[in-house]
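[1] Need a 3D model of the following:
(2 chains)
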Amino acid sequence: MGTQSLIYLFVGLSFALYIGIAIWSRAGSTKEFYVAGGGVHPVVNGMATAADWMSAASFISMAGLIAFLGYDASVYLMGWTGGYVMLALLLAPYLRKFGQFTVPDFIGTRYYSKAARVVAVICLIFISFTYIAGQMRGVGIVFSRFLDVSIFWGVILGMGIVFIYAVLGGMKGITYTQVAQYCVLIFAYMVPAFFLSFMITGTPIPQIGLGSTVNDGSGLYVLEKLNLVLGDLGFGAYTDGSKSMIDVFCITLALMVGTAGLPHVIVRFFTVPKASDARKSAGWALVFIALLYTTAPAVGAFARLNFIDTVNETSYSEAPAWFKNWEGNDLIAFQDKNGDGVMQYRSGNAFEGSPEFSEGTGPSGERLVTNTPVSDSENEIYVDRDILTLANPEIGNLPGWVIALMAAGGLAAALSTAAGLLLVISSSVSHDLLKSTFKPNISSKQELLAARLAATAAICVAGYLGIYPPGWVAQVVAFAFGLAASSLFPAIFMGIFSKSMNKEGAIAGMVSGLVFTFSYIVYFKLLNPAANTADNWLFGVSPEGIGVIGMLINFAIAIAVSKVTASPPAEIRKLVDSIRVPRGAGDAQTH
Amino acid sequence: MEDQEPEVENTEATDPAEGAYWRENIRLLAVLMTIWFACSFGAGILFRDFLDQFSLGGYPLGFWFAQQGSIYIFIALIFYYVVKMKKIERKYDLDD
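    Take a look at the predicted model:
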């Protein structure tokens, strides 16, 4: 069977599995729709959380990021895992004990204020939509490369699948499909990683392979060889970074705190039966996440070695098939600056901006680009970092079924995260805005209908963003984490650990953290991108890490305001007492 | 760091057992969050250059902490907390 038929087979089978699960696990009540009935086993929830968390970006882009950033990419590795320690130790068990359905529920109740709830809903919707647009783009990339359908139909198909299990099944449908999606995506990620590690180092375990010697008889360690090869081509050493220490520190912290404050992650811990299960579940989630996150650095390093090996100083006419495939998808370009027909891969940009292809082909058959060449770099290769993971099986000459597996895995990663995000958006609309704020008299049946309609509307908006991605999407991923870190996390944290935090303090803190972070990112990313350099940054902190300063502002303003305003009523102090103690979380239903 | 030092003056609960339980939890949290900070921000970022002179197989040690070790330690921290908290909760008869 050809690779293309295998891809259709694998993707088709995985979709049939998700739809089967969706039909089996339809939601009958609001509680099932919002929190899967609250009776999910902690290990199952951990697996679902891992799929929910690991997005198209983790699956498709991360190894590529690491491959090209080296040490600097550690911010993502530590940032996106360390947040789970904060979740397990500081938030999850208490939120589970509190036992409602959404994050705004907690903020609205703890701060006895509809205004606080609405501010939380606004933060949540903004964070989630920023995030979801990226997922839909991931779906589009996978479809267009592997299934030979246009991005438009790819996204429509992806939306259809998510519609079936998110709208019918709610959290219950999502939970069980996410478990299946985790299995698909981790299998798809690990298989090529084992192959690559074995090929390059002779050790199949990638985590050990990265610390071993290269299999080429040189006796060099993988990282040593990589540093050496990169040095020859004019790049900085792989194990050294180019970011300043303060920036690395702040980005890592912003990603950690942002992770702990992301609503679609937090809400997963409302689905387990007990407060102590929430802790356990966060631990399992991190185990499942770590499997991919500790493999990614190895995949990144191997892919970079492989890429240099097969591309650099190879004449274009002998370039491997995958090179031409991805060139056909506009993600790789070769501009023969010295006219020798041989591809020189060096440090620096080959040309300005991303490739603008013209109709014709050059003397060696390469697609011509119209971009202005960068004259002070000998580099002739443009490569989009996102392709490395997906191209890995091809770069490593792995069998067709591995390539098919990657396609199914990439889709699983994107769809599972999209579904989780859609759910928090729809429940915050139906539950927090309608039921709890503007229309308290609707019946739970009407609320369930509203939740389904809101999910449908959110899918359409997400699909639109996926088909017509606004230019700013890629620029503002920092938003989701920065805003979660500077708005939601401090409010939730102080809601648990401080009894004297009142509504005035919490609202002032959330608003000031949000406004500060939002303005800083908008200024540097959208209004004045030319000024986005370390000299202009506040304390040398880039927009990616500014959420940390936003968080400190939030804490400082909240504490100052709460000192000069009325302390919270006695029943709120009692509420805090009760969420701190695990006993009595119960009333879960099994299914 | 504000997220590491929860406000201790607010911990008095109405019930003495709950108060003692909470204080013990805060002490445990302080220890674990310190380790959390030390292995990632400490070993992986602030003292990376120093640690890089040692190596673990082919990994420079600081680089290993940043891309591998801190993640393993995070997992161990969470499971240690799970086990330890269960014990503390049982001690005060507050488990769920």
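
[2] From now on I want contacts and neighbour counts done on CA atoms only, so please keep to that.
    OK.

[3] who's in contact with the residue in chain B sticking out farthest from the centre?
    Within chain B, the residue lying farthest from the chain centre (C-alpha atoms, centre = their mean) is B:G58, at 28.0 Å. Taking C-alpha atoms under 8 Å, 6 or more residues apart in numbering or on different chains as the criterion, B:G58 is in contact with A:210-213, A:221-224.

[4] can you pull out the strands in chain A?
    A:314-315, A:332-334, A:342-343, A:357-361, A:367-369, A:381-383 (DSSP state E).

[5] Would you mind checking which of the contacts of B:G58 is nearest to A:L390?
    Set against A:L390, the nearest of those by C-alpha to C-alpha is A:L210 (19.7 Å).

[6] if I look at the closest one, how far off is A:F481?
    29 Å (C-alpha to C-alpha, to the nearest Å).

[7] Kindly report the same for A:S218.
    In terms of C-alpha to C-alpha, A:S218 sits 43 Å off from A:F481.

[8] residue contacts, the residue nearest to A:A301 when sequence neighbours are not counted?
    Leaving aside its chain neighbours, A:A301 sits nearest to A:A67 (5.3 Å; criterion: C-alpha to C-alpha, 6 or more residues apart in numbering or on different chains). The neighbours of A:A67, taking C-alpha under 8 Å, 6+ apart as the test, are A:297, A:299-301, A:303-304.

[9] In terms of distance to A:G341, which of these ranks first?
    A:R304 (22.3 Å).

[10] Count the residues that sit near the closest one.
    Residues near A:R304, counting by other C-alpha atoms under 10 Å in any protein chain shown, number 21.

[11] quick one: it and A:L69 touch, right?
    No. Contact criterion C-alpha atoms under 8 Å: A:R304 and A:L69 do not qualify, at 10.4 Å.

[12] Contact partners for the residue nearest to A:I151 when sequence neighbours are not counted?
    Leaving out its chain neighbours, the residue that sits closest to A:I151 by C-alpha to C-alpha, 6+ apart is A:G140, at 4.7 Å. Taking C-alpha under 8 Å, 6+ apart as the criterion, A:G140 is in contact with A:150-152, A:154-155, A:466-467.

[13] for chain A, what are the low-confidence residue spans?
    Low-confidence segments of chain A (pLDDT under 70): A:1, A:470-478, A:585-591.

[14] So it: which segments form each domain?
    Listed by automatic domain parsing, the domain ranges of chain A are A:3-254+A:263-306+A:398-462, A:332-383.

[15] Just the terminal-to-terminal distance for the shortest one.
    What that stands for is domain A:332-383. Length of domain A:332-383, first residue to last, C-alpha to C-alpha: 5 Å.

[16] With the first one instead?
    Its start and end residues considered, domain A:3-254+A:263-306+A:398-462 measures 31 Å (C-alpha to C-alpha).

[17] Also stretch B:54-61?
    Stretch B:54-61 has an end-to-end distance of 6 Å (criterion: C-alpha to C-alpha).

[18] Let me know how buried the closest residue to chain B within the stretch 201-350 of chain A is, in neighbour terms.
    Closest residue of the stretch 201-350 of chain A to chain B, C-alpha to the nearest C-alpha: A:G211 (4.1 Å). Using other C-alpha under 10 Å, A:G211 is surrounded by 22 other residues.

[19] burial count for residue 64?
    Since you didn't name a chain, this refers to chain A. Neighbours of A:G64 (other C-alpha under 10 Å): 29.

[20] that's the wrong chain, I meant chain B
    For B:W64, the count of nearby residues is 25 (other C-alpha under 10 Å).

[21] quick one, what contacts A:S14?
    Neighbour list for A:S14: A:184, A:408 [criterion: C-alpha under 8 Å, 6+ apart].

[22] repeat that with 7 Å
    When contacts are counted by C-alpha atoms under 7 Å, 6 or more residues apart in numbering or on different chains, A:S14 is found next to A:A408.

[23] Quick check: the two most widely separated of the contacts of A:G140?
    The largest separation in the contacts of A:G140, counting by C-alpha to C-alpha, is between A:S150 and A:G466 at 12.1 Å.

[24] neighbour-wise, which of these two wins?
    Higher neighbour count among A:S150 and A:G466: A:G466, with 27 against 15, using other C-alpha under 10 Å.

[25] didn't that one look like it was pressed against A:V139?
    No. Using C-alpha atoms under 7 Å as the test, A:G466 is too far from A:V139 to be in contact (8.1 Å).

[26] list the residues that contact both of those two?
    Both A:G466 and A:V139 are in contact with A:V155, where contact means C-alpha under 7 Å, 6+ apart.

[27] where does the residue farthest from the centre of chain B land on pLDDT?
    Looking at B:G58, its pLDDT reads 86.

[28] what's the closest non-adjacent residue to it?
    Nearest residue to B:G58, sequence neighbours excluded (C-alpha to C-alpha, 6+ apart): A:G211, at 4.1 Å.

[29] which residues touch the one you found?
    Contact criterion C-alpha under 7 Å, 6+ apart gives A:221-222, B:57-59 as the residues in contact with A:G211.

[30] are any of these buried, and which?
    A:221-222, B:58-59 (16 or more other C-alpha atoms under 10 Å in any protein chain shown).

[31] Spell out which residues of chain B are next to chain A.
    Contact residues, chain B versus chain A (C-alpha under 7 Å from any C-alpha of the partner chain): B:6-7, B:10, B:13, B:29, B:40-41, B:45, B:57-59, B:63, B:66-68, B:70-71, B:74-75, B:78-79, B:82, B:94-96.

[32] Those in strands, which ones?
    B:Y59.

[33] List the contacts of the residue of the stretch 1-150 of chain A found nearest chain B.
    Closest contact between the stretch 1-150 of chain A and chain B, by C-alpha to the nearest C-alpha, is at A:S74 (5.5 Å). Contact analysis of A:S74 by C-alpha under 7 Å, 6+ apart lists B:66-67.

[34] ok, for A:I141, nearest residue in space, not its chain neighbours?
    Nearest residue to A:I141, sequence neighbours excluded (C-alpha to C-alpha, 6+ apart): A:I151, at 6.9 Å.

[35] meant to ask about A:A51, not that
    Leaving aside its chain neighbours, A:A51 sits nearest to A:Y182 (4.9 Å; criterion: C-alpha to C-alpha, 6+ apart).

[36] could I get the contacts of A:G211 as TSV with distance to A:V43?
    Below are the contacts of A:G211 laid out as TSV (distance: C-alpha to C-alpha, whole Å):
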residue	distance to A:V43
A:Y221	37
A:V222	35
B:G57	33
B:G58	34
B:Y59	32
